[in-house]
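Trainee: have a look at this prediction, sequence included:
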Amino acid sequence: MTQAPSTGHVPGAHMAAELASQPETWEQAAAMVAAGGAAPTAGERVAVVGCGTSWFMAQSYAAARETAGQGVTDAFAASEAAPDALVGRGYDAVVAITRSGTTTEVLELVDRLRGRVRTLGVLGAVGTPFADLVDDVVALPFADERSVVQTRFATTALAYLRAALGQDLAPAADDARAVLGETLPDVLVDAEQYTFLGSGWTVGLAHEAALKMRESSQSWTESYPAMEYRHGPIAIAAPGRVTWGFGAMPAGIDQDTTATGAHFEHRRADPLAELVRVHAVALERARRRGLDPDRPRHLSRSVVLEGS
């Protein structure tokens, strides 16, 4: 499993720097909102699209927006969001999230929506084709990354969108700073398997946590809405394995998990800060395995499809 390091590059160096900067980038994003940054208005019907990590952030925002009473909000993988269907469903706006601005499925979708529905792009890398295809751009270049494995762009995009819902991001930033100063327990770093659970807007975070551990350290991970856990997934819980909850958890799920011998991890920190803790565990786990999450196996910073 060992991955030979490239000359002159310390494995995980980019990821380490980027995950450590997250509290500051969240604060910058919140300041942009306070200064009048673009966002869907309350009452609008909104679709949110993205690929990979951005899709999971779309899921979290969609659930948070509906919970906040801001209007119907649906999340789609960009590859599965048919332009005609989005128009036919009467959405007032489509929010597209992309770190690179070059992901084929996102570019093709927003291009086919031009002039048919208002589009808002949340973007990391400026100077890319994406910015010219959407009606409004939320540019977050300070959150762009060199590591292939995403950390701060994803969380900063979600921080921006949460702030646009009127949420105060200061407690989340404070919790993230506390997380970054902690020593990571071996029970988390050396686990055989991980199951991540969420509820409401944190289901997307659970899916993202599982993806991050897979990408960074080639780990066996799963993710589910928390209430679904006892409908089958708990069957794999066992000693040496971890079940990790984000946000409010159903009553008794901790006891049911620990009864299997598995470790149940759950804290009251802001769930976005808890995702930072997963980032830190993923980085340390990768390093212990001789892997480089800046250059993970079979992955690239952006998926650009040939012939598209």
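Mentor: Nice, I can see it.
Trainee: going forward, measure contacts between C-alpha atoms and count neighbours the same way
Mentor: Fine.
Trainee: OK, contacts around Arg112?
Mentor: By Cα atoms under 8 Å, 6 or more residues apart in numbering, Arg112 lies in contact with Pro83.
Trainee: once you drop chain neighbours, what's closest to Thr260?
Mentor: Leaving aside its sequence neighbours, Thr260 sits nearest to Ala238 (Cα to Cα, 6 or more residues apart in numbering; 5.4 Å).
Trainee: next, count neighbours for that neighbour.
Mentor: 18 (other Cα atoms under 10 Å).
Trainee: was I right about it contacting Thr195?
Mentor: No - taking contacts as Cα atoms under 8 Å, Ala238 lies outside contact range of Thr195: 11.2 Å.
Trainee: residues making contact with stretch 255-265?
Mentor: Everything outside stretch 255-265 that qualifies as a contact, by Cα under 8 Å, 6+ apart, is 187, 234, 237-245, 254.
Trainee: could these go into CSV alongside secondary structure and distance to His9?
Mentor: CSV is the format used below for the contacts of stretch 255-265 (DSSP: H, G, I helix; E, B strand; the rest coil; distance: Cα to Cα, whole Å):
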residue, secondary structure, distance to His9
Val187, helix, 29
Ile234, helix, 40
Ala237, coil, 37
Ala238, coil, 37
Pro239, coil, 36
Gly240, coil, 32
Arg241, strand, 32
Val242, strand, 31
Thr243, strand, 33
Trp244, strand, 32
Gly245, strand, 34
Asp254, helix, 41
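Trainee: mind checking which of those are buried?
Mentor: 234, 237-238, 241-245, 254 (16 or more other Cα atoms under 10 Å).
Trainee: can you tell me which of the contacts of stretch 255-265 lies nearest to Pro40?
Mentor: Taking Cα to Cα as the measure, Pro40 lies nearest Gly245 of the contacts of stretch 255-265, at 29.5 Å.
Trainee: list the beta-bridge partners for the closest one.
Mentor: Leu197, His266 (DSSP bridges).
Trainee: check contacts around it.
Mentor: 196-198, 206, 226, 264-267.
Trainee: just the buried subset of those residues, please.
Mentor: 196-198, 206, 226, 264-266.
Trainee: now, among those, which is nearest to Ala78?
Mentor: Of the buried ones among the contacts of Gly245, the one sitting nearest to Ala78 (Cα to Cα) turns out to be Ala206, at 19.5 Å.
Trainee: other SSEs contacting the one helix or strand that closest one maps to?
Mentor: Here Ala206 sits within helix 202-217, counting by DSSP states H and E. Contacts defined by 3 or more Cα pairs under 8 Å, 6 or more residues apart in numbering; DSSP states H and E place helix 202-217 against helix 53-67, strand 193-198, strand 221-225, helix 271-288.
Trainee: quick check, nearest of the buried ones among the contacts of Gly245 to Ala31?
Mentor: For these, the nearest to Ala31 is Ala206 (26.6 Å; Cα to Cα).
Trainee: so that closest one makes contact with Gly198?
Mentor: Yes - counting by Cα under 8 Å, Ala206 touches Gly198, with 5.4 Å between them.
Trainee: joint contacts of those two?
Mentor: With Cα under 8 Å, 6+ apart as the test, Ala206 and Gly198 both reach 224, 245-246.
Trainee: got these as JSON lines, with pLDDT columns?
Mentor: JSON lines is the format used below for the shared contacts of Ala206 and Gly198 (pLDDT from 0 to 100):
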{"residue": "Tyr224", "pLDDT": "98"}
{"residue": "Gly245", "pLDDT": "98"}
{"residue": "Phe246", "pLDDT": "98"}
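Trainee: distance to Arg89 for those residues - can I get that in JSON lines?
Mentor: Shown next, in JSON lines, are the shared contacts of Ala206 and Gly198 (distance: Cα to Cα, whole Å):
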{"residue": "Tyr224", "distance to Arg89": "27"}
{"residue": "Gly245", "distance to Arg89": "34"}
{"residue": "Phe246", "distance to Arg89": "31"}
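Trainee: if we can go back for a sec, which residues are contacting the helix holding Ala206?
Mentor: 53, 56-60, 149-150, 194-198, 219-226, 245-247, 271-272, 275, 278-279, 282-283, 285-286, 289, 291-293, 296-297.
Trainee: also stretch 11-24?
Mentor: By Cα under 8 Å, 6+ apart, stretch 11-24 touches 5, 145-147, 149-152, 155-156, 172-174, 176-177, 180, 276, 279-280, 283, 287, 291-294.
Trainee: out of those, which are buried?
Mentor: Judged by 16+ other Cα under 10 Å, buried ones among the contacts of stretch 11-24: 145, 147, 149-152, 155-156, 172-173, 176-177, 180, 276, 279-280, 283, 287, 291-294.
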